[in-house]
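J.: Sequence isn't available, so here's the structure alone:
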């Protein structure tokens, strides 16, 4: 049985979304259990033979500062959910709450894996090939060294190998051009590290990629710093909203645009569904000594259910062990580079 701890209070909608999603998830997975964490008045009414209620007295809001979430709200639903992983009661935790708070709490409670300096947020962005490109980091680390980007690539490879059944997924380094001479000094150094890692069999490094390659699907994984990654993520989310708004606008104009919109409706609707970020909801916090997944704060029932499914797949396929193995294999390269930098 796979057990997942759920922060039922997190996100913009809280229990109105998380509880129906939990019910749907349990109905779909006979080999799964859930630990529902939240305020007693919010979660006590939920009943399922494979669900257990754990109460918390506090909630981390989307506006809470990290200091408040980490130091003052020690009995928050977010923290209690992550503690279930720490104590071995659950294999993974899922929250739609404050991203910075979730990363800080998870890092404080679970600690980082040996060989990892900074955890990263890895999520999927839909691409034109009909699948999704895994991008990391998506916002946890605004400033990164070349060594951090190497660590992200190794961890991302483990994630994609689990979720997509690709033993050797391709990795691209986000840059302003494909040539090795392009980019700033950090990116150039990262390219050197990734090429070395490819020679030692630690990575399947494709080379430099540009921003449009994320959406073309030329590689399975794109590595970048958190500032750029978060911008790319928000751009992707805006695309689906733009298409939906276009459909609505065309149907509300005149008879000619209505006829044209009707003729193209099936194609546009299929495109809207393909780029719908809800289908890819659930970003992994990689590099921790436990599995934690972040749902989008505005997630609806469909989106949050997908986040639960990603956590389930990661736990069922031993993502944590696979990350450890890949990090251990690449350790000689990482240690050598760290010593050189020092």
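T.: Happy to help now that I have it. Note that the structure is a prediction, hence the values are computed from the model and not measured.
J.: quick one: contacts for residue 160?
T.: 134, 166, 169, 220-221 (Cβ atoms under 8 Å, 6 or more residues apart in numbering). C-beta here means a position set from N, CA and C on the backbone, and glycine is covered the same way.
J.: what does residue 29 give?
T.: Taking Cβ under 8 Å, 6+ apart as the test, what residue 29 contacts is 2, 312.
J.: For it, give its distance to residue 323.
T.: 23 Å (Cβ to Cβ, to the nearest Å).
J.: Kindly report the same for residue 96.
T.: Going from residue 96 to residue 323 by Cβ to Cβ gives 23 Å.
J.: worst-scoring helix or strand of the protein, pLDDT-wise?
T.: helix 255-274 (a mean of 62; mean pLDDT, DSSP states H and E).
J.: Spatially central residue in the chain, please.
T.: Nearest residue to the geometric centre of the chain (Cα atoms, centre = their mean): residue 283, 1.3 Å.
J.: That residue contacts residue 135, correct?
T.: No. Judged on Cβ atoms under 8 Å, residue 283 makes no contact with residue 135 at a distance of 9.4 Å.
J.: which residues do the two both contact?
T.: Common neighbours of residue 283 and residue 135 (Cβ under 8 Å, 6+ apart) are 122-123.
J.: which stretches of the chain have low pLDDT?
T.: Across the chain, the ranges flagged by pLDDT under 70 are 239-276, 334-342.
J.: Please parse it into its domains.
T.: Split into domains by automatic domain parsing, the chain comes to 2-117+278-319, 120-243+323-341.
J.: before we move on, the earlier item: okay, and which of the contacts of residue 160 map to helices?
T.: Among those, the subset assigned to helices under DSSP state H is empty.
J.: Just the buried residues out of these, in PyMOL syntax.
T.: One line in PyMOL is enough to select the buried ones among those; burial here means 16 or more other Cβ atoms under 10 Å:
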select buried, resi 134+169+220+221
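J.: okay, the contacts of residue 160 in JSON lines with distance to residue 19 next?
T.: Formatted as JSON lines, these follow (distance: Cβ to Cβ, whole Å):
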{"residue": "134", "distance to residue 19": "29"}
{"residue": "166", "distance to residue 19": "34"}
{"residue": "169", "distance to residue 19": "35"}
{"residue": "220", "distance to residue 19": "34"}
{"residue": "221", "distance to residue 19": "34"}
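J.: and of the contacts of residue 160, the nearest to residue 304?
T.: residue 134 (19.8 Å; Cβ to Cβ).
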